[in-house]
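**Student:** The sequence isn't on hand, but the structure is:
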């Protein structure tokens, strides 16, 4: 059974690495929060708690709970519990990777061009919509956001070379 699953690529990914990796990442974040809270002060000032008082205790709780999760993951290391099938992870990656590319593309092309590309990609690739509808929506949504944020609320969003070329 296990061999057949591995050959088809549907063998489950065990929970041990995702649990341990998440616990260690959260422990690092907790240590960062605790360290910075100590830097700004965790005690009481003349007018109440100092800036680091509440973040320190939140970081401490996060550190303790993450350490407990890591210990439990190590304790049950040999017990194989499925986290996700490989096909499910591929589905997550099909959304996550374009979103990461989108976030990086904003810096170079601006949010409006990057958003039009992302919307168009998802509509074509995952929604299987026809080109005319995809083009209309991929252009209309960023234009609507431009009108709402830039013109109505007067909140500038990141722009790229295309907006500069158009004088926006």
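**Tutor:** Nice, I can see it. What you see is a predicted model, and the numbers here were worked out from it, not measured in a lab.
**Student:** Secondary structure element holding residue 13?
**Tutor:** strand 12-14 (DSSP states H and E).
**Student:** Can you give the strand pairings for that strand, parallel or anti for each?
**Tutor:** In the sheet, strand 12-14 lines up against strand 82-85 (antiparallel) (DSSP bridges).
**Student:** in the following helix or strand past the partner strand, what counts as buried?
**Tutor:** Scanning forward in sequence from strand 82-85 by DSSP H and E, the next helix or strand is helix 86-109. In terms of neighbour count (16 or more other CB atoms under 10 Å), helix 86-109 has its buried residues at 98, 102, 105, 106, 109. Where C-beta positions appear, they are placed from N, C-alpha and C, glycine not excepted.
**Student:** which residues sit in contact with the closest residue to residue 67 other than its chain neighbours?
**Tutor:** Closest residue in space to residue 67, ignoring its immediate chain neighbours: residue 27 at 6.2 Å, by CB to CB, 6 or more residues apart in numbering. Each residue near residue 27 by CB atoms under 8 Å, 6 or more residues apart in numbering is listed here: 62, 63, 66, 67, 70.
**Student:** Which of those residues fall within helices?
**Tutor:** 62, 63, 66, 67, 70 (DSSP state H).
**Student:** ok, residue 164 to residue 94 distance?
**Tutor:** To residue 94, residue 164 is 33 Å away according to CB to CB, to the nearest Å.
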